[in-house]
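# sequence first, then the predicted structure:
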Amino acid sequence: MSRTVLAGLTAATIPVWIVVFVWTPVNFWYVMALGTGGLAVAATLTNPAAMGKRLRLRPTDIAIGLLSAAVLYVLFVIGREFATRILPFAAGQIGAVYDNKTLLAPGTIGLLIGIVIGPGEELFWRGFLQRELGGRVGAWRAYVFATLLYGLVHVFTGNLMLVVAALVAGTVWGWLFLEYGRLWPGIISHVAWDLTVFLWLPLA
């Protein structure tokens, strides 16, 4: 893949995240699904064979994904307690993340998260960006760069708690890809964690 394509798709995350989190011309969940889905499709089309190779499912991927999602959720519960005690703005910013929860029926939100948003983010950030960078700068540097960028694009939301959440979660999902070289552990973890924090056991 040319550097131009890699740089172009990476740069595209900025306007996509601005539209999703700042402008939001229509329902947030539809815009989020369209944005992440579009990035995932574009990333897959750049190298379908490489993406397909990373999508081979093993039985252990399910357990790894669910266990990592559970650990991540516990970390966020602990982090929420610390943050709300020492940062005056933390509770309000955490609560603001849930403003979009009432925009659609829970079942519809769950379907969008499970079918498009969670898998789409993993396909792009780990399956495309982290993988492609790994072939250029090495696996560990690619992991660090992709994780930092995943967190930093959330800066446009103006919500520090969301930026920190993206960095922490991205660190876990990026490590799963770094360790196992497959996307399913991260996809399962991402979807399970999203469903838990947004629908089943919300943090605010």
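Arrived safely, thanks for sending. What you see is a predicted model, and the numbers here were worked out from it, not measured in a lab.
# so Asn27 sits against Thr102, correct?
No - counting by Cβ atoms under 8 Å, Asn27 stays clear of Thr102, with 11.0 Å between them. Quick note: C-beta positions are derived from backbone N, CA and C, even for glycine.
# ok, Phe28 touching Val20?
Yes - counting by Cβ under 8 Å, Phe28 touches Val20, with 7.2 Å between them.
# the two: which is more packed in?
Between Phe28 and Val20, counting by other Cβ atoms under 10 Å, Val20 is the more crowded of the two (22 against 16).
# could you look up the SS state of that one?
Three-state assignment for Val20 (DSSP: H, G, I helix; E, B strand; the rest coil): helix.
# residues in contact with it?
By Cβ atoms under 8 Å, 6 or more residues apart in numbering, the contact list for Val20 reads 28, 31-32, 35.
# again with Gly107
Gly107 neighbours (Cβ under 8 Å, 6+ apart): none.
# which secondary structure element contains it?
In this assignment (DSSP states H and E), Gly107 forms part of helix 106-112.
# distance from that helix to the middle of the chain?
17 Å (Cα atoms, centre = their mean, to the nearest Å).
# now do stretch 123-132
Distance, centroid of stretch 123-132 to centroid of chain: 11 Å (Cα atoms, centre = their mean).
# so how far is the first residue of it from its last?
Start-to-end span of stretch 123-132 (Cα to Cα, to the nearest Å) is 12 Å.
# what lies in contact with it?
1, 6, 9-10, 13, 36, 39-40, 43-44, 46, 50-51, 54-55, 142-143, 146, 149-150, 170, 173-174, 176-178, 183, 186-187.
# so where's this protein shaky on pLDDT?
Across the chain, nothing is flagged by pLDDT under 70.
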